[in-house]
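In: generate a structure from the sequence data that follows.
(2 chains)
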Amino acid sequence: MKRRVVVTGVGLVTPLGTGTEQTWDALINGRSGVGPITRFDASDQASRIAAEVKDFEVEAWFEKKQAKNLDAFVQYAVAAADIAWKNSGLSITDANVHRVGVITGCGMGGLPTIEEYHTVLVNRGPRKITPFFIPRVIPNMASGHISMWIGCKGPNLTQTTACAAGTHAVGEAFRHIAYGDCDAVITGGAESVICPLAVGGFSAMKALSTRNDEPLAASRPFDLDRDGFVISEGAGMLVLEEMEAARKRGATIYAEIIGYGQTSDAYHIAAPPEDGEGAARCMAAALRDAELNPEDVDYINAHGTSTPLNDKCETQAIKTVFGAHAGQLAISSTKSMTGHMLGAAGGIEAAFTALTIHHGAIPPTINLQTPDPSCDLDYVPNVARSQKVNVAMSNSFGFGGTNGVIILRRFT
Amino acid sequence: MAVEAKMIDIIVEQLSVDRDKVVPGASFVDDLGADSLDLVELIMAMEEEFDVEIPDEEAEKILTVQNAIDYVAKIQG
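Out: As a prediction, this is how the structure comes out:
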């Protein structure tokens, strides 16, 4: 007998603001977090724009000594988890300490530190590598530090499935509670790799937008003139909790998680198949898990990266799964405002999807100016929409051809 | 004296502790809150600052502020 799972806490650290309200306000007002790269001199890069976290005050969470040994992705993760945990109202007790887990997603870990210490290694030799190098770079340090911060001793896992990592984390957290391994899980994603190696690497794949002169207009999912994604960073965390316990303690319930699907394309390292076959099977798998018909879905928070291929193939996949109902769906890509937070994206977008249901407001897809004949659905262009949303889906697809989809429902 | 002042600077910086706690008898682990990785990094910072190389078997014996000052003073002759 599977147990029901609800979202009782949300914490966001994004280029739109540190804190859930700040980010949501920007999102619903259609503000972009994209600007010129300031983290390093990007003048020799093809893509010189990014959505950087701007107002994060590290000293609000960490003492100086601790902060210097934590990469930004861990700092964001702990801060977002702290916000989400306080938002949930839960606390650790002798009774629950072993029943609360942490499952997060991260695509790359501490790449900026790898970059820094590779230079040290080459120029000065291995004896100059700090003992904190490994603890700073391994991707599971986000979930590790969250467990230390909260003091929870249940399962501790990290998904590293590229841009699907956050969604896979939330999906696994959902299963851990549904199947009784945990009673609550702090879950989501964190990423921070706005550094020369990552920007250069994604640029070499022609994955990034080069609309350097118009940063605010660069992330334009489903628009005819889209030319790649905008690299971004941050963390989005949720507290998931077994439904009966959450209700009993009178927690605010943002939404219920009711379905999780996962598939692989078995096709190509980076490109999806033209018909979005793997993505379609993934959405169908999540619908089966949720015991829903396609017609039951009101809204999709799309993967919607703003790359020419993703948005076209995702649209095709939605049509395959939803048939005639595809035209009735509200679909939006919040990456039009946040940029692509990579391994954090699924966490942040799961949070956005829960907030969409909670507030009855659908964030827009901004910069949608010129329709693309191959992207012909309702993407909630440019202006947020007030609409009661009962069932919503969040899609994530990662390099390596790995897909993850979760479904949330208004809690009743 | 130069060694002592510089050493205290390094310890304050590396371990993020108040300067008045960095007294000669202070133990890095018991009094200044260092763990084993902090100690490794502290030794690296001393090597950097004083331009010396401290072998691991010597580093293991540097447990207090005074140990560190004495060691560097000795090898600097």
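In: low-scoring stretches of chain B, by residue?
Out: Within chain B, the segments meeting pLDDT under 70 span B:1.
In: so which bits of it are right by chain A?
Out: Residues of chain B lying close to chain A (C-beta under 8 Å from any C-beta of the partner chain) are B:14, B:15, B:16, B:37, B:40, B:41, B:44. Where C-beta positions appear, they are placed from N, C-alpha and C, glycine not excepted.
In: so who does residue 20 touch?
Out: Defaulting to chain A. A:10, A:11, A:12, A:83, A:87, A:351, A:355 (C-beta atoms under 8 Å, 6 or more residues apart in numbering or on different chains).
In: torsion angles phi and psi at the fourth one?
Out: Its backbone dihedrals place residue A:83 at phi -60, psi -50, with angles given as degrees, to the nearest 10.
In: beta partners for the residue lying closest to it once chain neighbours are set aside?
Out: Closest residue to residue A:83 apart from its sequence neighbours, by C-beta to C-beta, 6 or more residues apart in numbering or on different chains: residue A:11 at 3.1 Å. On DSSP bridges, the residues paired with residue A:11 through beta bridges are residue A:237.
In: does residue A:11 really touch residue A:236, like I thought?
Out: Yes - when contacts are counted by C-beta atoms under 8 Å, residue A:11 is listed as touching residue A:236 (7.4 Å).
In: between those two, which contacts overlap?
Out: Both residue A:11 and residue A:236 are contacted by A:80, A:188, A:351, under the criterion C-beta under 8 Å, 6+ apart.
In: how does chain A divide into domains?
Out: Chain A breaks down by automatic domain parsing into domains covering A:7-248, A:257-409.
In: reformat those as JSON lines; add distance to residue B:28.
Out: What follows is those, written out as JSON lines (distance: least, C-beta to C-beta, whole Å):
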{"stretch": "domain A:7-248", "distance to residue B:28": "13"}
{"stretch": "domain A:257-409", "distance to residue B:28": "36"}
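In: show me the one of those domains that comes nearest residue B:31.
Out: Nearest to residue B:31, of all those, is domain A:7-248, at 14.9 Å by C-beta to C-beta.
In: neighbours around residue 42, how many?
Out: All of this is about chain A. For residue A:42, the tally of surrounding residues (other C-beta atoms under 10 Å in any protein chain shown) stands at 20.
In: try again with chain B
Out: For residue B:42, the count of nearby residues is 22 (other C-beta under 10 Å).
In: wait, a strand at it?
Out: No - assessed with DSSP: H, G, I helix; E, B strand; the rest coil, residue B:42 is helix; it does not lie in a strand.
In: ignoring the adjacent residues along the chain, who's closest to it?
Out: residue B:14 (4.9 Å).
In: and for residue A:129?
Out: residue A:117 (5.6 Å).
In: what does the pLDDT read for the one you found?
Out: At residue A:117, the model reports a pLDDT of 98.
In: kindly indicate whether it is helix, strand or coil.
Out: Classification of residue A:117 by three-state DSSP places it in helix.
In: so it touches residue A:126, yeah?
Out: No - counting by C-beta under 8 Å, residue A:117 does not reach residue A:126; the two are 9.9 Å apart.
In: those two: who's more crowded?
Out: Using other C-beta under 10 Å as the criterion, residue A:117 and residue A:126 rank with residue A:117 on top: 20 against 8.
In: I'd assumed residue A:347 was in contact with residue A:394.
Out: No - assessed by C-beta under 8 Å, residue A:394 is found out of contact with residue A:347, at 10.0 Å.
In: what about these two, which has more around it?
Out: Higher neighbour count among residue A:394 and residue A:347: residue A:347, with 35 against 32, using other C-beta under 10 Å.
In: relative to chain B, which residue of the stretch 201-350 of chain A is the closest?
Out: residue A:235 (24.2 Å; C-beta to the nearest C-beta).
In: which SSE is that residue in?
Out: Taking DSSP states H and E as the criterion, residue A:235 maps to strand A:234-242.
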